[in-house]
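S.K.: Sequence first, predicted model second:
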Amino acid sequence: MRNSRPVRTFRWMILVPVDGSSDALHALGYACDFAKLLGTELHVCHAASDAPTKWMRDEGEAILANARAIARRHDVTAHSHLLCGDPAKAILRLARDARADLLIMGTHGVTGLRATMLGSVAEAITRSSVLPVLLLRDPTYELNGGDE
């Protein structure tokens, strides 16, 4: 007798936070390649502050529009989300609510006192996420005069 249970098809949900930096764009390109390989779509998000101004919302929408255009060039569909609030908390909330399977994001690689003073969204997400988090750094950063 054959197994009568239906076969579950799995569709990855990949979330990619973007801030317009070269690190985020590098991670987005990687995520596009990964999504294409898996035959899935991306969800890109940008987090503004708790009380974003019109300029901040417009800037966030421009960053998301650019991310969608990059995904289109990779033949990948990307859905965008403009978030408000603490970036790490907002991204983790979206990941939970959207039932993400993987977070792929860029990191600036800032360490030491500078990271302590500035904080790090990538670090906060990595410490708090129950999902796998893939952090990528733009490989041309040090070639272009990066100090970390």
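M.R.: The structure has been received and is ready for your questions.
S.K.: List the contacts of the lengthiest helix in the chain.
M.R.: Ranked by residue count, the top helix of the chain under DSSP state H comes out as helix 54-73. Contacts to helix 54-73, defined as C-beta atoms under 8 Å, 6 or more residues apart in numbering, come from residues 16, 18-20, 25, 28-29, 32, 35, 42, 44-49, 52, 77-78, 80-82. Backbone N, C-alpha and C define where each C-beta goes, glycine included.
S.K.: buried residues in that helix?
M.R.: If you call a residue buried by 16 or more other C-beta atoms under 10 Å, then helix 54-73 has these buried ones: 59-60, 63-64, 67-68, 70-71.
S.K.: where's residue 36 relative to residue 77, distance?
M.R.: Distance, residue 36 to residue 77, using C-beta to C-beta, to the nearest Å: 10 Å.
S.K.: what is in contact with these two at once?
M.R.: Counting by C-beta under 8 Å, 6+ apart, residue 36 and residue 77 have no contacts in common.
S.K.: Give the helix, strand or coil label for the nearest residue to residue 100 once chain neighbours are set aside.
M.R.: Nearest residue to residue 100 in three dimensions, chain neighbours excluded: residue 15, at 4.2 Å (C-beta to C-beta, 6 or more residues apart in numbering). Following DSSP: H, G, I helix; E, B strand; the rest coil, the label given to residue 15 is strand.
S.K.: List the beta-bridge partners for residue 15.
M.R.: Residue 15 forms beta bridges with residue 43, residue 103, as assigned by DSSP bridges.
S.K.: Would you mind measuring from it to residue 139?
M.R.: Distance from residue 15 to residue 139, by C-beta to C-beta: 22 Å.
S.K.: try residue 103
M.R.: Distance from residue 103 to residue 139, by C-beta to C-beta: 20 Å.
S.K.: Now do the strands in the protein.
M.R.: 14-17, 42-48, 78-84, 102-106, 133-136 (DSSP state E).
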